[in-house]
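In: Here you go, sequence then predicted model.
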Amino acid sequence: MRIVETQGRKSLTAGVWHKAEASQGATNCAAAKLITGGNVLMGDTQNPDQVRLTLPGSAWDALVRTVA
């Protein structure tokens, strides 16, 4: 899993795992990746081969608006 910092962005670059800036340096972090079709995969940076959750793009947008 290649992680890039979000640097305050609210959108994801397709095909790249993103970890929130607030998580930098932590060992138990969540990461998100935009995939084909607009869905977002969420996983654990310590277990990169195990996707834990797949969200429709609309659910991801709602989540980001809620926590931002």
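Out: The structure has been received and is ready for your questions. Residues are numbered from 1 along each chain as shown.
In: Which residue lies closest in space to residue 56, excluding its sequence neighbours?
Out: residue 39 (5.9 Å; Cβ to Cβ, 6 or more residues apart in numbering). Bear in mind the C-beta positions are built from the backbone N, C-alpha and C, glycine included.
In: Now do the same contact list for that neighbour.
Out: Contacts for residue 39 (Cβ atoms under 8 Å, 6 or more residues apart in numbering) come out as 54, 55, 56, 57.
In: Also residue 59?
Out: For residue 59, the contact set (Cβ under 8 Å, 6+ apart) comprises residue 40.
In: Give the rounded mean pLDDT of the helix or strand that contains it.
Out: Per DSSP states H and E, residue 59 falls inside helix 57-67. Mean pLDDT, helix 57-67: 83.
In: Most neighbours out of the contacts of residue 39, which is it?
Out: Greatest neighbour count in those, by other Cβ atoms under 10 Å, goes to residue 55: 16 neighbours.
In: close enough to count as contact, it and residue 38?
Out: No: taking contacts as Cβ atoms under 8 Å, residue 55 lies outside contact range of residue 38: 9.9 Å.
In: Following the worst-scoring helix or strand of the chain on mean pLDDT in sequence, what is the next regular element?
Out: The helix or strand of the chain with the poorest confidence is strand 3-5; it has a mean of 46 (mean pLDDT, DSSP states H and E). Going down the chain from strand 3-5, the next helix or strand is strand 17-19, by DSSP H and E.
In: following that next one, which helix or strand shows up next?
Out: Next along the chain after strand 17-19, taking DSSP H and E as the criterion, comes strand 30-34.
In: Many thanks, I have nothing further to ask.
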